[in-house]
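A.B. asks: need a structure here:
(2 chains, ligands or ions: 2)
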Amino acid sequence: MSLLGGGIVKGMAVTLRNFVGSYFNKERLVTNDYAWRPKEDAELPQSAGQYPKEEGEQLSDTTTVTNYSRNFPMLLHDGKEGDTPMDTVRCVACQICERECPPQCIYIEKMYDENGKYIKSPAKFDIDVSVCMSCQICVEVCPFDAIVMNSQFELSTPDRFGGLLLRRDDLLKSNDYYHQIHPGEAAARDQRMADEKAAKEAKKKAAAEAAKKKAAEKAKAEAEAKAKEAEAAQAEGAEEKSEPEGGDSKEATE
Amino acid sequence: MSWELIRDILITTVPLLVIFPSLFAFTTWIERKALARIQNRIGPNKTGVPCTRISLFGLGQPAADGIKMLFKEDIVPKGADRLFHLLAPIVALIPAMLVLCFLPLEFPWAKFVQAPVQAFLLDGAVIFFFAITGLNTLAVFMAGWASRNKYSLLGGMRAIAQMVSYEIPLVLSAVIVVMLVGSLNAADIAAAQKGYQWHLFTPWGLAAFVIFFIAALAETNRSPFDLPEAESELIAGYFTEYSGFKFALFFLGEYIAMFAISGLAVTLFLGAGEGPGVAAVPALSVAWFIAKIFALIGIMIWLRGTLPRLRVDQLMAFAWKFLLPLSILNILIAGFAWHVAKSGAGTGLKAVVWIASLITLYAVARGLNRISRPEAAPREYKYAE
Ligand code: SF4
Ligand code: SF4
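C.D. replies: Ligands and ions are numbered 1, 2, ... in the order given. Predicted coordinates:
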């Protein structure tokens, strides 16, 4: 028999533990306490001192934002940080996230080449961060691991409309940057992608093998002499196929 | 009206109008800090003295918020009832401020005042308290109706259902103290608890205090009873359409109502301004009174950080099937115990009554708890494990 109201007391003990613990254990804190701008830096007027930013310095680097911080989405590409060649962008403009986003703040236009053929890339990808509620649903639904959460928080702007509408090129960030801000999550994602790729390839290979076997059996029924040759061909094929897969899995573990 | 009367009115009321709104600012800061720490955040810690680097643990935050509120655009929705939209925050604030007068705060300057305006000594203060706080419901529904917004209206309707339901256990548990003391005067009630004879220290008083506190949470729309302003369901409910200073007034009214109802709980159950050192320095009683109010508000904040919001059916079942029968039983027990004490019974009999009433109250509460819970089959999770 539990005590009447015991559940509430238990819950209050948990919150009390968190309350007290947050004063003694810095590890618990999900946000960091950032420091004042150094006093020697007297160029900015003192009245501006409430916001600890030095000219040209971004605070939202890895020292200010913890691993747990999630703010607004960004688009991943596999190139180097800074340059954004469209062929390394993972997004294929499938518009799943656009449809799933609860406040409907994503706007996507597909890219077409001059013949009107759909090339799998977004021509436009806008997120209105004044509407985005940081729910991460877009991240959950994307089948191509193309959209993940950024931890950039310094987005204040004097332009109420345009300034808060992030365009495709503002959103594009490299996978390296992702590894920098959310190392654990990024590593897990890469691992999973590699595993999926490997599994897909293995499945493809198995299917190909099965098809070949079938063909071989058919051939066997037709003529015994030809069967031997078919089997030899099959073994060769298997050897060839297994090589790239081994290479892949090595990459994944790295 | 003589000059003395006006002077006396000013002496008694102006301190209340200064002290409690400034305590309100401090409370918002405490609440933000405490909730932040409960969620392992830091909370406001930078805003301090303007134009300096002195941050004072973020104590400047309430002032900054106030200034921000004052400068915000006041938006009235198209199609809203402009008059009632404007009146609602005022109607929310005035009764909350008004009932502060009934708290038996013994300010040191009160002795200069002639008897008639001593608001503290009003006979029937407890009745007045409940009569006037009831107006709060009107303000909430006014806001919900005048905004012409379905969220606001839903919030307003929820508020009415909730406040009407919880008013009953609230009053019934206060009735116990009125019965035991034999007076509705707040000062008499405070005097009756002198010498640490607080009503909290009796089984019926303890039960009444718990019921009172729970009902007070519901009356002031505090979590876990914050259905009328549920952010995640109703986008702040009845004040969805309020911005700027009108919103600030609502906010202020809500906190002042919290102070007022905590003050009443302190008066009824926690011995009003009694505490160590009051006999030597009478002015300390105000400090003790406010400290006790803050203790209760601290528990409210703590609960807010702990409990999730109730469902509407749970809310209603809790009020009508649990609190109401329990408070009626409590009245019977308190009456019985009072008669036993009156008849000059010995300590042994008193002890028996104490233990018996404690056991009865606990057993009935357990039983009620079991039957009043809405039936729920064990939940099956399809996607989560
Ligand atoms: S985080 Fe949520 S609201 Fe923001 S873009 Fe993604 S789906 Fe939309
Ligand atoms: S981000 Fe993902 S879900 Fe959204 S359009 Fe690109 S590929 Fe599709």
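A.B. asks: quick one: pLDDT of residue 162?
C.D. replies: In the absence of a named chain, this looks at chain A. A:Gly162 carries a pLDDT score of 82 in this model.
A.B. asks: Chain B, not that one
C.D. replies: Confidence per residue is given as pLDDT, and for B:Gln162 that number is 88.
A.B. asks: in the longest helix seen in chain B, what counts as buried?
C.D. replies: For chain B, the helix reaching the highest residue count under DSSP state H is reported as helix B:3-38. If you call a residue buried by 16 or more other CB atoms under 10 Å in any protein chain shown, then helix B:3-38 has these buried ones: B:8, B:11-13, B:16, B:19-21, B:23-25, B:27-38. Where C-beta positions appear, they are placed from N, C-alpha and C, glycine not excepted.
A.B. asks: Below-threshold pLDDT in chain A: ranges please.
C.D. replies: A:1-2, A:30-66, A:82, A:84, A:225-254 (pLDDT under 70).
A.B. asks: element containing A:Leu76?
C.D. replies: Secondary-structure assignment from DSSP states H and E places A:Leu76 in strand A:73-77.
A.B. asks: And chain B, is the helix or strand following that strand touching that?
C.D. replies: Scanning the chain past strand A:73-77 towards its C-terminal end, the next helix or strand to appear is helix A:96-100 (assignment: DSSP H and E). No - judged by CB under 8 Å from any CB of the partner chain, helix A:96-100 makes no contact with chain B; its nearest approach is 15.8 Å.
A.B. asks: Can you show me the CA trace of helix A:96-100 as PDB?
C.D. replies: The C-alpha atoms that make up helix A:96-100 are tabulated as PDB, following Å, rounded to 0.1, in the frame of the first residue of the first chain:
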ATOM      1  CA  ILE A  96       8.500  15.400 -47.300                       C
ATOM      2  CA  CYS A  97       9.700  17.800 -44.600                       C
ATOM      3  CA  GLU A  98       7.700  20.700 -46.200                       C
ATOM      4  CA  ARG A  99       4.500  18.700 -45.900                       C
ATOM      5  CA  GLU A 100       5.200  17.400 -42.400                       C
END
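A.B. asks: which of the residues in that helix are buried?
C.D. replies: By 16+ other CB under 10 Å, the buried positions in helix A:96-100 come out as A:Ile96, A:Cys97, A:Glu98.
A.B. asks: Quick check: the last one vs B:Gln39, distance?
C.D. replies: For A:Glu98, the distance to B:Gln39 (CB to CB, to the nearest Å) stands at 32 Å.
A.B. asks: try A:Gln180
C.D. replies: When distances are taken as CB to CB, A:Gln180 and B:Gln39 turn out to be 26 Å apart.
A.B. asks: Was I right to think B:Leu307 contacts A:Gly11?
C.D. replies: Yes - taking contact to mean CB atoms under 8 Å, the distance of 6.6 Å between B:Leu307 and A:Gly11 places them in contact.
A.B. asks: since we're on the closest residue to ligand 1 within the stretch 151-300 of chain B, how many residues are nearby?
C.D. replies: Residue nearest to ligand 1 within the stretch 151-300 of chain B (CB to the nearest ligand atom): B:Ser232, separated by 15.0 Å. Neighbouring residues of B:Ser232 were enumerated by other CB atoms under 10 Å in any protein chain shown; the total is 7.
A.B. asks: who's in contact with it?
C.D. replies: When the contact criterion is CB atoms under 8 Å, 6 or more residues apart in numbering or on different chains, B:Ser232 has no partners at all.
A.B. asks: Look up which helix or strand it falls in, please.
C.D. replies: Taking DSSP H and E as the definition, B:Ser232 sits inside helix B:231-234.
A.B. asks: and the next element down the chain from that helix?
C.D. replies: With elements assigned by DSSP H and E, the helix or strand that comes after helix B:231-234 is helix B:244-269.
A.B. asks: Now that following helix: buried residues?
C.D. replies: Of all the residues in helix B:244-269, those buried under the rule 16+ other CB under 10 Å are B:245-269.
A.B. asks: tell me how far that helix is from the chain's mean position?
C.D. replies: Taking CA atoms, centre = their mean, to the nearest Å, one finds helix B:244-269 lying 6 Å from the centre of the chain it belongs to.
A.B. asks: So what angle separates the directions of it and helix B:3-38?
C.D. replies: Counting by axes from the mean of the first three to the mean of the last three CA atoms, to 10 degrees, helix B:244-269 points 100 degrees away from the direction of helix B:3-38.
A.B. asks: And the next helix or strand after helix B:244-269, how far out from the chain middle?
C.D. replies: Taking DSSP H and E as the definition, the helix or strand that follows helix B:244-269 towards the C-terminus is helix B:284-306. In terms of CA atoms, centre = their mean, the centre of helix B:284-306 is found 10 Å from the chain centre.
A.B. asks: what number of residues lie near residue 135?
C.D. replies: Picked chain A for this. Neighbouring residues of A:Cys135 were enumerated by other CB under 10 Å; the total is 15.
A.B. asks: Correction: the question concerned chain B.
C.D. replies: 16.
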